[in-house]
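**Q** this one's structure only:
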């Protein structure tokens, strides 16, 4: 009986280990964001993006600036993370900037909130660093999206904002994913 058991196990291992079926990599769950799409929805139409995010709770606010009004449409997701869509013309519904702290929204190459600066270095990404207000943005060129880190993470901000200058901050997490949609 033992011999039959061992022969069965070795046959099972041989069958499983020598399988010629193609191996597939499991894809992360979530919505892929590009500078044109959120999932399969165009970022050029605010109403469609809101439908894609349903059943999110949606709030709209506006701010008066010297040059006019600026509208913020915030979709709060089930896990309390959010997707913030900004526009200067709520009636036209064109998103001018989308930002999120949700790990469910990921770039085409797999980056999301929580990605570290080290992750970008490990994949040898082509990154442009920019500073806006008190935030540092790491624009991933091939995805044309940015990940943001708060300036508080950096003890001594480099005078020249090259990506290489941030190598010593490999452990710093990126806290916001930001997209400036390209609409035509």
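**A** Happy to help now that I have it. The model shown is predicted, which means the values in this text are computed figures rather than measured ones. Numbers count the residues shown, from 1 in each chain.
**Q** so where's this protein uncertain?
**A** 1-29, 66-67, 184 (pLDDT under 70).
**Q** would you list every one of the helices in it?
**A** Along the chain, the stretches classed as helices by DSSP state H are 2-17, 46-53, 117-122.
**Q** which ones are touching residue 105?
**A** Listed by Cβ atoms under 8 Å, 6 or more residues apart in numbering, the contact set of residue 105 reads 30-31, 33, 38, 83, 112-113, 177. Placement of C-beta: from N, CA and C, glycine included.
**Q** Now, those that are in strands?
**A** 31, 33, 38, 83, 177 (DSSP state E).
**Q** Report the beta-bridge partners for the last one.
**A** The one in question is residue 177. residue 100, residue 147 (DSSP bridges).
**Q** My read is that it contacts residue 31, right?
**A** No. Contact criterion Cβ atoms under 8 Å: residue 177 and residue 31 do not qualify, at 10.7 Å.
**Q** Look at those two and report which has more neighbours.
**A** residue 177 (26 against 18; other Cβ atoms under 10 Å).
**Q** ok, back up a step: out of the contacts of residue 105, which end up buried?
**A** Neighbour-count burial (16 or more other Cβ atoms under 10 Å) is assigned, among the contacts of residue 105, to 31, 33, 38, 83, 112-113, 177.
**Q** Adding distance to residue 97, write those out as a markdown table.
**A** Listed next are these as a markdown table, based on distance: Cβ to Cβ, whole Å:
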| residue | distance to residue 97 |
| --- | --- |
| 31 | 17 |
| 33 | 12 |
| 38 | 13 |
| 83 | 11 |
| 112 | 18 |
| 113 | 16 |
| 177 | 11 |
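**Q** what's the neighbour count on the closest residue in space to residue 42 that isn't next to it in sequence?
**A** In this structure, residue 42 finds its nearest non-sequential neighbour in residue 48, 6.3 Å apart by Cβ to Cβ, 6 or more residues apart in numbering. Under the neighbour criterion other Cβ under 10 Å, residue 48 is assigned a count of 16.
**Q** ok, residue 48 to residue 94 distance?
**A** 11 Å (Cβ to Cβ, to the nearest Å).
**Q** likewise residue 142?
**A** Distance from residue 142 to residue 94, by Cβ to Cβ: 24 Å.
**Q** higher neighbour count, those two?
**A** residue 94 (17 against 11).
**Q** is it true that that one touches residue 44?
**A** Yes. Using Cβ under 8 Å, residue 94 is in contact with residue 44, at 5.7 Å.
**Q** Now do the shared contacts for these two.
**A** 181, 183.
**Q** which ones are touching residue 52?
**A** Here residue 52 is in contact with 31, 38-39, 41 (Cβ under 8 Å, 6+ apart).
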